[in-house]
Each structure stands twice: as structure tokens, then as C-alpha cells.
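J.: Next one to model:
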Amino acid sequence: GTPPNAILLLTFTRKSAQEMLKRAADLLDNRCEDVSGGTFHSFANYILRRYSRYIGFDSGFNILDRDDSETLIAMVRKEILNTSKHASFPRKQTLANIFSKAANKVLTIENVILNDYIHFEDDMEIITMIYKEYVRRKFLHSYLDYDDLLIRFKTLMEENSDLKDRISSSYEHIMVDEYQDTNKIQADIVCLLTGGNKNIMVVGDDSQSIYAFRGADFKNIIEFPILFPGTRIITLEENYRSDQPILDLTNIIIERASEKYSKILFTKREGGAKPLLIKTSTENGQSVFIVEKINNLVKNNVPLNEIAVLFRAGYYSFDLEIELARNGIPFKKVGGFKFVESAHIKDIIAHMKVISNPKDRVSWQRILLLIDKIGPKTADNIFGEIQKENSGHAGLLTAKIQNIISDNLKRLKDLFGKIDPDIMSVHDMGKEIAKFYLPVLKQKFDDYPKREKDIEQLILIMERYNSLVDFLTDMALEPPNTIIDNSLSENSSGDNHLVLSTIHSAKGLEWHTVFIIWALDGRFPSLYSINNPEELEEELRLMYVAATRAKKNLYFTYPNRVYDKSSGMVLNRPSRFLDLINSSVLSKYSLNTYEYDY
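T.: Residues are numbered from 1 along each chain as shown. A predicted model of the protein is given here:
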């Protein structure tokens, strides 16, 4: 047989990899738990740390998360723009999007601007300058961002054939999950890993390819049989989630896709309710209808957490949120801050990053700006002095810092004087940093008791780690799933909340009843995608993904006669993906009486 560690499994989340290996172990035996792999990014990180000398880095490089990348871009942007006259210029988030799109789609910065950001064409030269300096700074400070992990991994194998053969020959079989979500670089990496061995299996649903905005390339799964001649295609058509009337509708929706693998979903279960398309006279009428339906479902013993309202964009739910709060219906809106994206957690992690990598300018600046009387310029000067000392994070103790008298700066020096990563555990370092940070937390945040509990949770997580580098890598690549709820509802208790979610965030999930709101042509699909065939196809797949989340009940709703300011048009037809579907499959009703009486 094949040794487990000669099988490579690549996924998009660590959780899915663990679940697959556990199920395989339950069916076979525990050897399945020794299968190699993880996410694309974690596997790339493993290889790059192992062969870091090939890319000119030390194995202790730091990984920039999205927020840190934007901070470094902002630094470079500010320095370059200070020497240039400009009327308006893209913000750090937009620049990060441009750079990431170029990386994931293997395009030049110029191509991305001309294709997607034509309004910044006049700024192209300066944007390119910022990009080049951003790349230089990352190398200078031993950083790799998310995109770099894949790019450097791909380049490593392309430019070192002996090393590529060594890596690819380690794996007799390669398996990739959710292949429809791969981007061009990931598809190239898969090809490089196969080498001369074509024992590769990918699993995916072309109808659920909805991440083009992140760089996912729909053609990867469509063209797989061309890339690997002799591919055997196995179609899984039996559905274990939805009732047949819902599947009848979703089959018709996806049938219109111009490029697809043909399949007709079915279930062996009998019966089920026909999906409904509801027209209301106003947006608030739509919200009131949904609230009334939810109340009826709850009265019929459907738990709130088995009901979801899905939408194409986050702001589509604002009116509904007000109506839910007014009626005392607790809800959770998916898309709040992730645990490690919250300011207080990033502050703690920044202290640990400079211990691991004293050249980490972004983290030094974050730490120093927490201290009273220190602004960005002073923080830069202090960072420069620390680097001159060449003694790691302890360089702060001997750096020449003039004219700053601050208790917090003295406390920071005392903290770094105590911490020795060679003898202290990750957990003990975390406890010392948290003790130092607590007064800052109380000064900085009104809701510090809640945030203090988050920090306690982070310290508990640290107990699992023997290596600071491993801890920081996991925090960047596989952070905890804890969500800080940012819903309007204050009377939430337990886990029995209604779910509000974008369709992208709902992928892979399921509910007893699903409402898809704003199913209005010009909103879904959006006006911007209607004249672009590829984008329109993606929106069709997005509608399919939304509809296939429902197990028992599926409702589409849209308000009639909505004025769109940007186009000057009045939108008054249901989504083109639903409009012409026969009433034998989709029941259609017009409700003009569901209005909240102000």
C-alpha cells in the first residue's frame, strides 16, 4: 500500500482537512491521520521555512496578515506621496486589493489597473512605485504576506528543478478539495507538485465557483480534463440536504450557465414545499413580510438558528436589521470582526511578533503608538535606534531615545527586559505581555472587561504551543473562529439567533428555511455585472449557491419600483435568474399590504 505521509491533501481550511481525515480514519484506521497536507498556504509556509535559504530569508520570517499588509502599504504610500503632487489617490485598502489581484491572477500592476481600476490610470506610475517599494520593504523586514507564500512556493519549484523533483517525489498521490475555488497560482502549484506522477484527484462543484473577486479561476475546474488527459469524471447528483421542489428550481437556475458539467440533482425523499417569489411594494414591506414569516415559523417550532436571511451585499440587510430589532428578534450577522482582527488581540500579537522578528517595523510601530507622547514620526525614529543596537527586541533597552518621559515607555522597557524567548514558554511570554497591556486596554477601550476576556482566551490558546514561530504562523494562517458579534440586537441569548449572512459567507452551510432578499434585477444580478458575460455567469452561480442552502423552505423577496441613483433607472423586475421560471416550479405572489405603520 501507499504510506500515509506519501499522500498529500490540500484544502482551503484546516477544519475541512481534519474532518476529512477523521472520517477516513473512522472508515479505515488511524493511519489516515498521518496523511500529509493542510491548506495551500500552510503547506507553502511549511516548505518555505524548510527551504528558506533558497528564497533569501531566515526560517523565522513573519507572515503579514491583511491588516498588517495595509499598514506597511500605508507607510510606503505616505512617504512616496509626500514627494509627489496628487489630487486624489487610492487608499491603502484599494492598493492592497490591486497588489493582491495582480498576484493571484498572475497579472502586472498595469494590467490590473487598466482592467479593473481605470479611474486610477493617471496614478499608475506612482502606484507601481509604491508596489516596488512595498516588495523591497517586505524583504528588508523579513515579511511574507499571504500572496507571497504561494508566489514564493511556486517560484521556488520553478527555479530549482532538483528541489521540485525532491518535493514532488515525496507524494505518490495528491488530492485537492474545493478545486473550483483555486486561483491560477494554486492550479500551477498543483501541476508542479504532480511532477511526472499523474495520480491526482480533485473534488469540486463548478456551479459553486463564486470567488472570482478573490482571484479564483472558474476555468481551473472546467479545463482540468484538458490539462490531465484521461481524467475520469465522477458526477455526484444525489442530494442529502434539500427537498425535491427546491432541487427542481436550482437545476433550472444552473441549466442556464454557458460553461458547466451537466448534472441534475435529486433526492430520494418525497414531498416538500414549492419555493416562493414574493414582490412587495417597498423595502420596508419586504422586511415586515420576513419578520411575520419568521414569527410564524418560530410558532411552528422551527428554531431561529435554523432560519437564515441571505443577501448579495452586506448593506442590503440594514432595513431588515432595524425591523428585527424593533420586533425583538435576536440575530447574528455574519461578517463581524474575526478574533485576531480585533485591535486588542492585534496589540498583544504585535508584542510577540517583535520578539520573534525584531526587524518587524509594522509591529514595532503598533506597539510604540500605544504609548502616550509617541506619534508615527517618533515611533519611526525609535525603531531606527532599536535597529542600530542589533540586539533583538531588547534593543529597546539600550536605544538612544531622547526627550520622551513616559511611564508606559519605561514599563515597555521593563517588559522586554524580562522576556527571554530562549527560556520562556509561549504561554509565559503571553502572560507577561497581557499583564503589561492591561492598563493600556483600560485606557483605550470603554468595553475593556469584554476585551479582557478575549485576551484570557488568547492566553489559553498559547498553552498549546511550544514554538513562538508556530503560534504566530497559526494566528496568521489559521486563526481561531471566534467572532465578535456586531449585530444591532441587544437581546440575544444563547445560540438561538436568526442568521443574517452574505451569500459568500453562507457557502457550505444549510438551514431549514432560507430567505434570499433583494432578488431584484439590477441588484441581483447587479447593474455592474449585466454587461460582462463572465461576471453575469458568476452571479448566476451565486444565486444557485444561495438557493441550495435551503432544506425545507425557500423564499425569494424583492421590493418593486426601486430608483437607482447611479444609473437613473427604476428597477421593477425580479431577478432575470428567476423571472421566466414557470409557476409550476416557482410560485409568485405580489404583496402590497405588508407595510410598517409609522
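J.: So in that sheet, which strands flank the lengthiest strand in the chain, and in what orientation?
T.: Longest strand in the chain by number of residues (criterion: DSSP state E): strand 550-559. Sheet pairing of strand 550-559 (DSSP bridges) gives strand 276-280 (parallel), strand 511-516 (parallel).
J.: what's the span of stretch 204-218 from first residue to last?
T.: With CA to CA, to the nearest Å as the measure, stretch 204-218 spans 11 Å from end to end.
J.: Pull the residues that contact that stretch.
T.: Under the criterion CB atoms under 8 Å, 6 or more residues apart in numbering, residues 100-101, 103-105, 177-184, 187, 221-222, 254, 257, 259-261, 263, 503-504, 507, 534-535, 537-538, 541-542, 544-545 lie in contact with stretch 204-218. Heads up, the C-betas are built off the backbone N, CA and C, glycines and all.
J.: ok so, going back, quick check: what element follows the longest strand of the chain along the chain?
T.: strand 562-564 (DSSP states H and E).
J.: my guess is residue 421 contacts residue 356, does it?
T.: Yes. Applying CB atoms under 8 Å, one finds residue 421 in contact with residue 356, separated by 7.4 Å.
J.: These two: which has the busier surroundings?
T.: Taking neighbours as other CB atoms under 10 Å, residue 421 and residue 356 compare with residue 356 leading, 22 against 16.
J.: Would you map the strands across the stretch 51-200 of the chain?
T.: 62-64, 143-145, 173-176, 200-202 (DSSP state E, counting those that start in this stretch).
J.: what's in contact with the second one?
T.: Contacts with strand 143-145, where a contact means CB under 8 Å, 6+ apart, come from 48, 57, 61-64, 68-69, 72, 137-138, 152, 360, 362.
J.: mind running it again at 6 Å?
T.: Here strand 143-145 makes contact (CB atoms under 6 Å, 6 or more residues apart in numbering) with 61-64, 69.
J.: Please tabulate those residues in a markdown table, including the columns pLDDT.
T.: Below are those laid out as a markdown table (pLDDT from 0 to 100):
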| residue | pLDDT |
| --- | --- |
| 61 | 90 |
| 62 | 89 |
| 63 | 91 |
| 64 | 91 |
| 69 | 93 |
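J.: any low-confidence regions in the stretch 301-450 of the chain?
T.: Counting by pLDDT under 70, the ranges of the stretch 301-450 of the chain that qualify are 335-338, 390-395, 397-406.
J.: buried subset of the contacts of stretch 204-218?
T.: Buried subset of those (neighbour count, 16 or more other CB atoms under 10 Å): 100-101, 103-105, 177-184, 187, 221, 254, 257, 260, 503-504, 507, 535, 537-538, 541-542, 544-545.
J.: Just the ones of these in helices?
T.: Among the buried ones among the contacts of stretch 204-218, the members found in helices (DSSP state H) are 100-101, 103-104, 184, 187, 221, 254, 503-504, 535, 537-538, 541-542, 544-545.
J.: The residue nearest to residue 349 when sequence neighbours are not counted: how many residues sit nearby?
T.: Counting by CB to CB, 6 or more residues apart in numbering, residue 349 lies nearest to residue 475, which is 5.9 Å off, once chain neighbours are set aside. By other CB under 10 Å, 24 other residues sit near residue 475.
J.: Show me what whichever strand or helix holds residue 475 packs onto, helices and strands only.
T.: Assessed by DSSP H and E, residue 475 sits inside helix 468-477. If contacts are counted by 3 or more CB pairs under 6 Å, 6 or more residues apart in numbering; DSSP states H and E, helix 468-477 sits against helix 40-50, helix 343-356.
J.: Apply 7 Å and report the result again.
T.: helix 40-50, strand 62-64, helix 343-356 (3 or more CB pairs under 7 Å, 6 or more residues apart in numbering; DSSP states H and E).
J.: from the ones you listed, which stretch is densest packed?
T.: strand 62-64 (a mean of 24; mean count of other CB atoms under 10 Å).
J.: Adjacent strands (with direction) for that one?
T.: Partners of strand 62-64 in the sheet, by DSSP bridges, are strand 143-145 (parallel).
J.: can you tell which of the strands of the stretch 51-200 of the chain is closest to residue 250?
T.: strand 200-202 (22.8 Å; CB to CB).
J.: Just the buried residues of the closest one, please?
T.: Residues of strand 200-202 classed as buried by neighbour count (16+ other CB under 10 Å): 200, 202.
J.: quick one: average confidence on it?
T.: What strand 200-202 shows for mean pLDDT is 93.
J.: before we move on, what SS does the closest residue to residue 320 other than its chain neighbours have?
T.: The shortest distance from residue 320 to any non-neighbouring residue, by CB to CB, 6+ apart, is to residue 287 (4.4 Å). Recorded secondary structure, residue 287: helix (DSSP: H, G, I helix; E, B strand; the rest coil).
J.: please begin residue numbering at 817 from this point
T.: Sure thing, new numbering starts at 817, so read that last one as residue 1103.
J.: Would you check how far apart residue 1103 and residue 1091 are?
T.: Note on residue 1103: its distance to residue 1091, by CB to CB, to the nearest Å, is 20 Å.
J.: These two: who's more crowded?
T.: residue 1103 (28 against 25).
J.: doesn't residue 1135 make contact with that one?
T.: Yes. With contacts defined as CB atoms under 7 Å, residue 1103 counts as touching residue 1135 at a distance of 5.0 Å.
J.: in what helix or strand does residue 1109 lie?
T.: Here residue 1109 is assigned to helix 1099-1115, by DSSP H and E.
J.: Which other helices and strands does the following helix or strand past that helix contact?
T.: Counting by DSSP H and E, the element after helix 1099-1115 in chain order, helix or strand, is strand 1123-1127. Using 3+ CB pairs under 7 Å, 6+ apart, the elements in contact with strand 1123-1127 are helix 1099-1115, strand 1314-1318, helix 1319-1322, strand 1327-1332.
J.: what does the third one rub up against?
T.: This means helix 1319-1322. Residues outside helix 1319-1322 that contact it (CB atoms under 7 Å, 6 or more residues apart in numbering): 1026, 1124, 1126, 1128, 1150-1151, 1358, 1361-1362, 1365.
J.: Narrow those to those that are buried.
T.: Using 16+ other CB under 10 Å as the burial test, the contacts of helix 1319-1322 include 1026, 1124, 1126, 1128, 1150, 1358, 1361-1362, 1365 as buried.
J.: how about TSV for these, with distance to residue 940 added?
T.: As requested, the buried ones among the contacts of helix 1319-1322 are exported to TSV (distance: CB to CB, whole Å):
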residue	distance to residue 940
1026	30
1124	42
1126	38
1128	31
1150	36
1358	31
1361	35
1362	37
1365	41
